[in-house]
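Asks: Any chance you could fold what I've pasted below:
(one chain, ligands or ions: 1)
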Amino acid sequence: MTESANPFESLQSQIDEAAAHLDVGQDVVERLKHPERVLETNLTIELDDGSLERFKAFRSQFNGDRGPYKGGIRYHPEVSRDEVKALSGWMVYKCATVDIPYGGGKGGIVVDPRAYSDAELERLTRAFAKELRPMIGEDRDIPAPDVNTGQREMNWIKDTYETLENTTAPGVITGKHLESGGSEGRVEATGRSTVLAAREAFEHLGKELEGATVAVQGYGNAGWIAAKLIDEMGSSVVAVSDSSGAVFAPDGLDPVAVKTHKNETGAVTGYPDAADELTNEELLTLDVDLLIPAALENAIDEDLARDVRADVISEAANGPITPAADGVLAETDVFVIPDILANAGGVTVSYFEWVQNRQRFYWTERKVNEELERIIVGAFDALTTTMDERGIDDPRTAAYVVAIQRVVDAYEQAGAWP
Ligand code: NAD
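Replies: Below you'll find the model as predicted:
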């Protein structure tokens, strides 16, 4: 596979690679490699100046064998049919890795939201919700936020759906504001699963988390929460970064103080208690016990991977390591906790949000966190058991093996239907 592989082709080759370890027929594997359906639609809305503009939008429902389709909606100029298909497939395997009863979906609108007013974005979001209405629903397909969408867009989609259906159905979408049926603990969930998975990996490898050194790339929602929680567990966060660059302190940074500095100045750089400033590449190649990439896709490519000195990587971001870099890290025995497990806290607490919406009974933050911990620990156990039993060295392949087997089991147990 090349570094610039089409994301849909990357997904398909990951499925082939993992399926080779399983006793699954090629005909069944073929079924697992393609979406069940993809909506491609054109949304025409009125702009504030009275003119009309057309936007292309997609929703892919990849596989529903284990439950309703689940996955976010992103707004980005580079959204494409193949990207949405691939992202929906990864959601299938993420949900199966942590064993929550969902299939996978993903959607997007080809738009740069910064170029439009709030009123225009509301009209666009409601137009998309109207198109999606026949295919989504609390038991059918449950969207969520993704790149450039958040609680505001989720609330618009929920309101449009409920108005057109003449009902209340908060579980039609997750990632909502607390007052609109959101869940406690959702904002912290991705950072939390990233560090819980790291804690399990350290235990598996016989390494101490207490006093371990940690570097975090990206100081947004996922990265900052991961830094704060791992610091609370007794590790030493020696470096963090954002798009402005990295700050470094060999004796450890105070993650909360760095966050306050970033809130005040817009960047982690310039933090007064840092010993030094580094580039993002220098941060990624620091000699630390744990590296948490929590920024963008493809942050670690094949060349950079040769210089990585961390013992464990916990992937908070989606796809931060290119396929070729994965090969290099496997040769150097870096233990990589794959994104479909490490950052699955986000979709897991979205699942809790949906459960609470269906029951109209809301949990405490403590209960959310306890249930999340139970799920992540269980998923990590399944991963290491599979590595041991099947002689698989690479945790990513093992995660896909676990996930694909679960999807195949659900499909086969359901019986044949034309
Ligand atoms: P965010 O927008 O809150 O934060 C992203 C951070 O990355 C920012 O601090 C930004 O400055 C930094 N960044 C951007 N470019 C960078 C670069 N070149 N080098 C270093 N830092 C850079 O986003 P987030 O919600 O924290 O998401 C981060 C990653 O985690 C994404 O890959 C996302 O898909 C993944 N993820 C997030 C969630 C979630 O619930 N938030 C769930 C699953 C996966």
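
Asks: Tell me if residue 45 really is in a helix.
Replies: No. Assessed by DSSP: H, G, I helix; E, B strand; the rest coil, residue 45 does not belong to a helix; its assignment is strand.

Asks: Count residues in the vicinity of it, would you?
Replies: Counted with other C-beta atoms under 10 Å, the neighbours of residue 45 add up to 18. Just so you know, the C-beta spots here come from the backbone N, C-alpha and C atoms, and that holds for glycine as well.

Asks: Now name the helix or strand holding the closest residue to it other than its chain neighbours.
Replies: Of all residues not flanking residue 45 in the chain, residue 123 sits nearest, at 4.5 Å (C-beta to C-beta, 6 or more residues apart in numbering). Using DSSP states H and E, residue 123 sits within helix 118-132.

Asks: what sits up against the very next helix or strand once past that helix?
Replies: Under the assignment DSSP H and E, the closest C-terminal helix or strand after helix 118-132 is strand 141-145. With C-beta atoms under 8 Å, 6 or more residues apart in numbering as the test, strand 141-145 has contacts from 59, 61, 68-73, 102, 105, 107, 132, 135-136, 151, 153-154, 157, 171-175, 347, 350, 354.

Asks: How about the contacts made by the closest residue to the ligand within the stretch 201-350 of the chain?
Replies: The ligand sits closest to residue 220 of the stretch 201-350 of the chain, with a gap of 1.7 Å, by C-beta to the nearest ligand atom. Listed by C-beta under 8 Å, 6+ apart, the contact partners of residue 220 are 242, 294-295.

Asks: May I see those organised as a markdown table, with secondary structure, pLDDT and distance to residue 288 added?
Replies: Formatted as a markdown table, those follow (DSSP: H, G, I helix; E, B strand; the rest coil; pLDDT from 0 to 100; distance: C-beta to C-beta, whole Å):
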| residue | secondary structure | pLDDT | distance to residue 288 |
| --- | --- | --- | --- |
| 242 | strand | 96 | 18 |
| 294 | coil | 97 | 14 |
| 295 | coil | 94 | 16 |
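
Asks: what subset of those residues is also close to the ligand?
Replies: 242, 294-295 (C-beta under 6 Å from any ligand atom).

Asks: Leaving out sequence neighbours, find the closest residue to residue 296.
Replies: Counting by C-beta to C-beta, 6+ apart, the residue nearest residue 296 is residue 317, at 6.3 Å.

Asks: Go through the lengthiest helix in the chain and flag the buried ones.
Replies: Ranked by residue count and defined by DSSP state H, the top helix of the chain is helix 365-390. By neighbour count with 16 or more other C-beta atoms under 10 Å, helix 365-390 contains the buried residues 368-369, 371-373, 375-376, 379-380, 382-383, 386-387.

Asks: what does stretch 159-167 give?
Replies: 159-161.

Asks: quick one: is the strand or helix carrying residue 9 near the ligand?
Replies: Per DSSP H and E: residue 9 is located in helix 7-19. No. Residues of helix 7-19 are not located near the ligand by C-beta under 6 Å from any ligand atom, the shortest gap being 13.0 Å.

Asks: re earlier: I'd like the ones next to the ligand among the contacts of residue 220 as CSV, with neighbour count and distance to residue 44 appended.
Replies: Formatted as CSV, these follow (neighbours: other C-beta atoms under 10 Å; distance: C-beta to C-beta, whole Å):
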residue, neighbour count, distance to residue 44
242, 23, 37
294, 30, 37
295, 21, 35
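
Asks: And the strands in the chain, which stretches?
Replies: Taking DSSP state E to define them, one finds strands in the chain at 37-46, 52-63, 69-76, 104-110, 141-145, 213-217, 236-242, 245-248, 276-278, 290-293, 312-314, 335-337.
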